[in-house]
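> structure for this input, please:
(chains A and B)
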Amino acid sequence: MSKRTFRKSLDYVKKEYKRTRTIPASWYLSSYKYKFNITHMKPFLEKLKQKKLVGLECSSCNRVFFPPRFVCGKCLVKPDRWVDLRETARVATYTITYIKDPETGGILEKPVVCIRQDGSDTTHLVNLDPEVDYKDTYIGMPVKVHWADNPTGGLMDIEYYDVIEDDAKDLGLRKD
Amino acid sequence: MGRQVAIISAGFSEHASKRSDVSMPELVREAIDDCLKKVPGLEIKDIDAFVNGNMPAFEGSNIPELWMTDWLGARNKPLMRVTTGGTTGGSVAIAGYYTVAAGLPGVDTVLAVAFEQQSQGDTSVGLASVAYGEISVMNTLGIPYEQLTRLLSAGAAIGIASYQATNYMRRSKITEEDLARVVVQNRRNAAKTWWAHLKMPHLTIEEVLDTPYISYPLRYGMVCPTSDGACAMLFTTEEKAKELCDVPVYVNGVGSVANETAILGYCGSGAGQLDPSEQLGAQKTAELVYKQAGISFPRKEIDYAEVYSPFPNQELMWVERLGLFEENTAPEMYANGITAPDGELPINCSGGVNSTNAIGASAMERPAVAALQIMGKASNQVKKTVHTSLGHGWGGAVNLITMMIMSDEPSRKFK
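Next up is the predicted model:
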């Protein structure tokens, strides 16, 4: 196991409690059935199959939702206008996760990014190019859609986001 | 048009990661006994109504308020359960306030209890029960499970906080050392509080920075524990409060406002808040509550604040969003010792959620400690006299804020 993830505990003042009887039980979540309305996703998914990006615009406040949302929380209006979006996006926020590699047992350090597609007003959790070093991620980083080879009409048609060159003038400041 | 509500007492059970010696009702009873001990003139039979709550599904016990009625002392009396996820405690306290403020005949004294025994259940199952529907939908929309676990492993409570942390760090240009400083202050304060969980009297910044990352930029040493514990508060009318205790604490403003979710959308949709550290909901709640309490300069008028901060970056964020400090100045205030127990504006002298986190009870412990600080009965009592204090809670689908402003003087409108 890598040194980074070795669990070093901090000492604290502990009090011992006398253990009384406990009875084990389990709770199966998979037996539940959930009802969700995803009809508003259908046109979006069809467009994804053609390698095109669309957002849903609220006709009241003109916010563009990407991916589409059923109701606009601001105006309680069902957004119904479809707008085309560009393939570029910017990183709105990110974090780095530490996950066990199933093959080697080592620790994978992967950035998980939340992007804001250019032309939309919402953020979306996506994957970043697996070859990108986690240290290079920063807020405001420009990225571009990398399409899957055979789109099937699902959210995974956007396989991941490629990093593109940043031409911002305050790049040093941003990366800081 | 309502009536003035006062807090006359607040009590806690001992908090630990595993309270293996007691069952859930026994734990709750511990807090109630501690609460009643502080008001000698009141017995459990004098209480007219009960409000309680805990986080649903975290312990795997449904409707606990019904099978522990006897332990609560609520037999043949009005009983209500309120639960709003992470802010359950805050909502329970507010429900207690509402019950008294409503002025129902025969309902004067209300006991509000919030509890959680996390060692009984599995927190990850509890969180999964919240997010399971969302996950199924995402899976239907074409994201395979192994991808989802990766995306959502940064999407539980710590995930949300780490996004807030990266954005906050960018906004105010702070380093991890600033985050660790907050943790050190909290854990040292916890060492002076009898009921706190993580008591670390000799913790240093280096020790915190030596622990591994859980999710960048939050390290193992910065993260809140999972605790077992309960908290109880007694609400009553102004007249009764004057009879029963020396320093009644008047509740002058309550508020709970939900904003659009950040990070997590609904059914895989986009999330409305572009910057997770912006927290419009908190700003709105603060505005509302300060207006109720007649506070125009929170920095000067509030003497003590308890904010809900499982992670250190949140503590810095909340004190700014609630108007206690100007934007991006909070890390400086922590470095200068203004927020220490002997400072100008002490914050989280009980150690905060960062040291003790029994989820259902956490948001209630904030107003409870803030009230005890006014009474002068808190276990880590601040040096200066506290006239007005603030208790804050955060949770729900990461977007609900609860707040309570307390003072030693009744609100102007009831004078």
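
> just say helix, strand or coil for the residue in the stretch 101-250 of chain B that chain A sits nearest to.
Among the residues of the stretch 101-250 of chain B, B:Gly142 lies closest to chain A, at 1.8 Å counting by C-beta to the nearest C-beta. Just so you know, the C-beta spots here come from the backbone N, C-alpha and C atoms, and that holds for glycine as well. The assignment at B:Gly142 comes out as coil when based on DSSP: H, G, I helix; E, B strand; the rest coil.

> need the contact list for it.
With C-beta atoms under 8 Å, 6 or more residues apart in numbering or on different chains as the criterion, the residues that contact B:Gly142 are A:Leu45, A:Thr152, A:Gly153, A:Gly154, A:Leu155, A:Met156, A:Asp157.

> chain neighbours aside, what residue packs nearest to it?
By the measure of C-beta to C-beta, 6 or more residues apart in numbering or on different chains, the closest residue to B:Gly142 outside its immediate chain neighbours is A:Gly154, 1.8 Å from it.

> okay, the one you found: pLDDT?
Model confidence at A:Gly154, expressed as pLDDT, equals 83.

> measure it to A:Gln50 for me?
With the distance defined as C-beta to C-beta, to the nearest Å, A:Gly154 ends up 13 Å from A:Gln50.

> just B:Val113 next, same as before
Applying C-beta to C-beta to B:Val113 and A:Gln50 gives a distance of 57 Å.

> quick one: which of the two has more around it?
Residue environment comparison for B:Val113 versus A:Gln50 gives the larger neighbour count to B:Val113, 31 against 9, counting by other C-beta atoms under 10 Å in any protein chain shown.

> correct me, but that one touches B:Glu30?
No. Using C-beta atoms under 8 Å, B:Val113 is not in contact with B:Glu30; the gap is 10.8 Å.

> what touches both of those two?
Common neighbours of B:Val113 and B:Glu30, using C-beta under 8 Å, 6+ apart, are B:Ala230.

> need the phi and psi values for the residue nearest to B:Pro298 when sequence neighbours are not counted.
Distance criterion C-beta to C-beta, 6+ apart; nearest residue to B:Pro298, sequence neighbours excluded, is B:Gly323 at 4.3 Å. Note on B:Gly323: its backbone torsions stand at phi 80, psi 10 [degrees, to the nearest 10].

> which parts of chain A are strands?
Assigned by DSSP state E, chain A shows strands spanning A:54-57, A:64-65, A:81-84, A:88-100, A:107-117, A:124-127, A:142-147, A:158-163.

> out of the ones you listed, which is closest to B:Ala165?
In this view, the strands of chain A are compared for proximity to B:Ala165 by C-beta to C-beta, and strand A:88-100 is the closest at 7.9 Å.

> next, the contact list for A:Trp27, please.
Contacts of A:Trp27 by C-beta under 8 Å, 6+ apart are B:Gly60, B:Val125.

> in JSON lines, list the contacts of B:Gly142 along with neighbour count.
Rendered in JSON lines, the data for these read as follows (neighbours: other C-beta atoms under 10 Å in any protein chain shown):
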{"residue": "A:Leu45", "neighbour count": "19"}
{"residue": "A:Thr152", "neighbour count": "11"}
{"residue": "A:Gly153", "neighbour count": "16"}
{"residue": "A:Gly154", "neighbour count": "18"}
{"residue": "A:Leu155", "neighbour count": "20"}
{"residue": "A:Met156", "neighbour count": "17"}
{"residue": "A:Asp157", "neighbour count": "20"}
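
> wait, A:Glu87 sits on A:Lys52?
No. The criterion here is C-beta under 8 Å, and A:Glu87 misses it with A:Lys52 at 9.3 Å.

> higher neighbour count, those two?
Neighbour count, other C-beta under 10 Å: between A:Glu87 and A:Lys52, A:Glu87 has more, with 18 against 13.

> can you tell me who the closest residue to the more buried one other than its chain neighbours pairs with across the strands?
Of all residues not flanking A:Glu87 in the chain, A:Val145 sits nearest, at 4.4 Å (C-beta to C-beta, 6+ apart). Assessed by DSSP bridges, A:Val145 has beta-bridge partners A:Tyr161.

> who's in contact with A:Val145?
Contacts for A:Val145 were tallied using C-beta under 8 Å, 6+ apart; they are A:Leu53, A:Glu87, A:Thr88, A:Ala89, A:Ile158, A:Tyr161, A:Asp162.

> against A:Val64, how distant is the closest residue to chain A within the stretch 151-300 of chain B?
Nearest residue of the stretch 151-300 of chain B to chain A (C-beta to the nearest C-beta) works out as B:Gly270 at 2.7 Å. Using C-beta to C-beta, one gets 9 Å for the distance from B:Gly270 to A:Val64.

> same deal with A:Cys114?
Distance, A:Cys114 to A:Val64, using C-beta to C-beta: 16 Å.

> quick one: the strands in chain B?
Using DSSP E, strands in chain B cover B:5-12, B:49-53, B:79-81, B:110-117, B:213-216, B:218-219, B:228-237, B:249-258, B:304-306, B:388-395, B:400-407.
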